Structures are given as structure tokens and as C-alpha cells.
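**Q** Have a look at this fold, sequence not included:
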């Protein structure tokens, strides 16, 4: 018998070893990654707040019923992609897969107190159990911006303007993305118009199923798309051919599309024209655009990346639209809403692809580094650092065993602006030497005098 192979103590020790990798589909953020993440979050917040949006948040845990309610659901997401479990109180809860139902809950809870319209934004942590791939993970963060309490089409226009401005504030150029528009009413009336032209009718359920299929239009082969159409329209090959031909025809994607539309088409045309008047030239109507959530009632839009040749890469950067009935899930009067979301994974990919991340983003730099020559000066260095931190100057004490020249090199590499070397003379005296690593200028003085120097340099 091989004792080494059958030793239970060794087997127990082996089983105690844990993996150093993260759970599949989520990320660890080392400091360099966190610097990029913070840059994305800061830019998102700055742009949203420049449009008058105020930040909110909710818990990542929600009752599962919030996503199963009629009108809020995306069946594929609810049935296949949510992290849902029963808690110790026998309640079914879900890690939030999206933010819109949560913000609708908040609006409904205080609808009588809020002064509409309200502009709110959040950067929630979201979870979906799906196959990890480029731009899509099981955990991500997302910028959500919504305006509640106005039916004005100007609100739809402003939300799309904000979505575009987010990209522009990262340094993107308009030729690097395109804005696609559609309208749920225009879309539904188009399908009804096609059916009426054939002497047929379509049900609301068929239109809902077709809209979910259209959301996957560009991901499906023509044969798979036809098969799915046949399932929706119960082997009605004439209807299937008409719909297939319509969505594959470029001739129907602009003015003629409006002809089917009644009110929805007028709204869609107004939004497109308004954006163009506001100098948004990279916008067009696309009947094949359809968002996957059932709660959209009017305008829908999506922003796609464009490559160097001016062709869409198919990568969606931002998506959103109008939803006017979602708050009715909670009782009371409906409160209209328009909003969008954009994820941090796709955002970072886009910034890296187009070389839009700032240089040295992971080295934001400290104001001051205090460099003790030996361990005997550590306590004195820390006491000195406290005085500078109290005056709001970010200060690090280098406690490594490296020599002073290497400590100065390290401070320089990390974009530190000033250093103070602490040796025997500084430890026993009353004055310190502040060195500007950029200009190489030195200032000698007491802590109070050096604080004045730093304040003047700020």
C-alpha cells in the first residue's frame, strides 16, 4: 500500500488550499485597475451632475417579485440569469440584475412628495448569471440616468444628449459611435400595418414575442430568424416573408417607416430632428433596434461603437428609452420615466480600444512623501506626516529599507510632487528641507513654514 497516496492528513491539507482566482465572471481590482475604475466612475458622475442629476442608490438585494412582476420582466433574464435564493427568513431574494425596477420602486414610494420632474443617477453593482465574454461579465457596474415625471419629448432628447455627452467627456469623437433610434408604438403599428395589408391581424402577445426576437435580429442567422418567425406566426409563411423582407430592407428605415406610425412615428421623427438641430449628426432611425425589456413604452435608443472605416462594430455602449407604466406595479398613478444604462466593462474596452485612457492613470500621485533614512526616524516621520495631513496635504511615509536615492526614485515614479528627507540632522533639529521633484527647488523651514509653501504651490 502506498502510504503517501492514502494518507488522510495529506488529503485534508490539500483540500484546505483555496484558489487565488476570483469567482468566474467577476473581477478583482488591484490598485492600477481600481484607478481606471475610479476614473470611469468620476467621469460618469461629473457628466450626470453637469446635467442637474442627483445621485441615489439602493441595496443589491431585492425581493425576487420585483423582477417577476408583469411589465417589469425580461423572461430570459428572470428565468436564466438571475442570482436568486431563499434567505434564512424563507424569503426569495435576488441580487439585482438591473436598476430600473429599483428606482421605479423608490419613485413610487415617494411620488406624492417629489417635485417632478426629477433627474436621478446611480452607479449600481449588478449581477447576471450568463456566459462571460468580452464586454459582458456576471458582475458589473453601470451608470443609470433617469428623468421621472414628464411626458415632454424634450426629456427623451435630453436623456439622449446626456448619453452622448458621457462619451464625449471621455474624449470620444462623434465619428467613433452612432446613435440608433426606434419607438415601441411605431414598431407595433408597423407590424399591424403589414398584417392588415395581408388581411390578417396580430395579437399583442405576438408583437411582444416579435419585439424580443428583434432584439436578437443581428445576432441570428437568416434561417434561425425565419424559424423563430414561423413559431410566432404559426407557420404563416406569407406573413413571415413580409416581416423578414421588411426588416432586411434598407429602403424602409427612414421616412417610409414613419408612415406606419401614427403618434409613435411623429414622436420618433420629432426626436430625430431635434437631435440633429442640436448638432447631433450621428443619429438615425433603425426599425431593427429593439430593447430586451418589456417595460419600454415609447422611444428606445442605443449607441454603438464605430470602427475606423465608419462601420458599426456591433458593440453596444449605451441603451435606454421611455417607460411610462413601470411604477404602476406598486399601485397609485403611473409616473413616466426616460433613462439609460451603460456598463463599466464595455466602457473600459471602448476607452482602451480608442486609446482614451489618460497617461499614468494608475499613478495619481501624492502631494508629499516623507523619507526617513533609518528605522530610528520612523516615529518622527509619522508625527511630521500628521501635521501635513491635518492641513489636507496627502502624505505618505516610506517605511521601506531602501536607501534614500531609491526612495526618491520611487516617489518620482509614483508622481509624488514633494519629498522631505528625515535624517539625524532633521530628527535633532527644528527645520526640514522640502524638495520639489519637478522643479528641483528646495525650501528649508519649520513645519509651519513648509505648510505655507505647499499652500502657495497648490
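**A** Thanks, I have it. Since we're looking at a predicted model, the values are computed, not measured. Numbering: from 1, shown residues only.

**Q** so where do the helices sit in the stretch 151-300 of the chain?
**A** Assigned by DSSP state H, counting those that start in this stretch, the helices in the stretch 151-300 of the chain fall at 153-169, 184-197, 204-214, 222-232, 237-247, 255-259, 263-277.

**Q** List just the one of these that sits closest to residue 352.
**A** For those, the distance to residue 352 is smallest for helix 153-169, at 14.3 Å, taking C-beta to C-beta. Heads up, the C-betas are built off the backbone N, CA and C, glycines and all.

**Q** how near is the residue nearest to residue 354 when sequence neighbours are not counted to residue 356?
**A** Counting by C-beta to C-beta, 6 or more residues apart in numbering, residue 354 lies nearest to residue 176, which is 6.0 Å off, once chain neighbours are set aside. Note on residue 176: its distance to residue 356, by C-beta to C-beta, to the nearest Å, is 9 Å.

**Q** related to what we said a few turns ago, verify the stated contact: the residue nearest to residue 354 with residue 309.
**A** No: if you go by C-beta atoms under 8 Å, residue 176 and residue 309 don't touch, sitting 11.8 Å apart.

**Q** before we move on, back to that, would you single out the least confident of the helices of the stretch 151-300 of the chain?
**A** Among the helices of the stretch 151-300 of the chain, helix 255-259 carries the lowest mean pLDDT, a mean of 56.

**Q** neighbour count winner among residue 176 and residue 309?
**A** With neighbours defined as other C-beta atoms under 10 Å, residue 176 and residue 309 compare such that residue 176 has more, 21 against 5.

**Q** any idea of the angle the strand ranked longest in the chain forms with helix 263-277?
**A** Looking across the chain with DSSP state E, the single longest strand is strand 312-323. Angle, strand 312-323 to helix 263-277, by axes from the mean of the first three to the mean of the last three C-alpha atoms, to 10 degrees: 120 degrees.

**Q** Could you list the paired strands of strand 312-323 along with their orientation?
**A** Strand 312-323 sits in its sheet next to strand 299-306 (antiparallel), strand 337-343 (antiparallel), going by DSSP bridges.

**Q** Can you name the next helix or strand after the last one?
**A** Just to be clear, that refers to strand 337-343. Downstream of strand 337-343, the next assigned helix or strand under DSSP states H and E is helix 344-353.

**Q** tell me which residues of that following helix are tucked away?
**A** 344-351 (16 or more other C-beta atoms under 10 Å).

**Q** can you put the strands paired with strand 312-323 in a markdown table and add mean pLDDT?
**A** Converted to a markdown table, the strands paired with strand 312-323 look like this (pLDDT from 0 to 100):
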| stretch | mean pLDDT |
| --- | --- |
| strand 299-306 | 96 |
| strand 337-343 | 96 |
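
**Q** Out of these, which gets nearest to residue 442?
**A** strand 337-343 (47.5 Å).

**Q** Since that was my last question, I'll sign off now.
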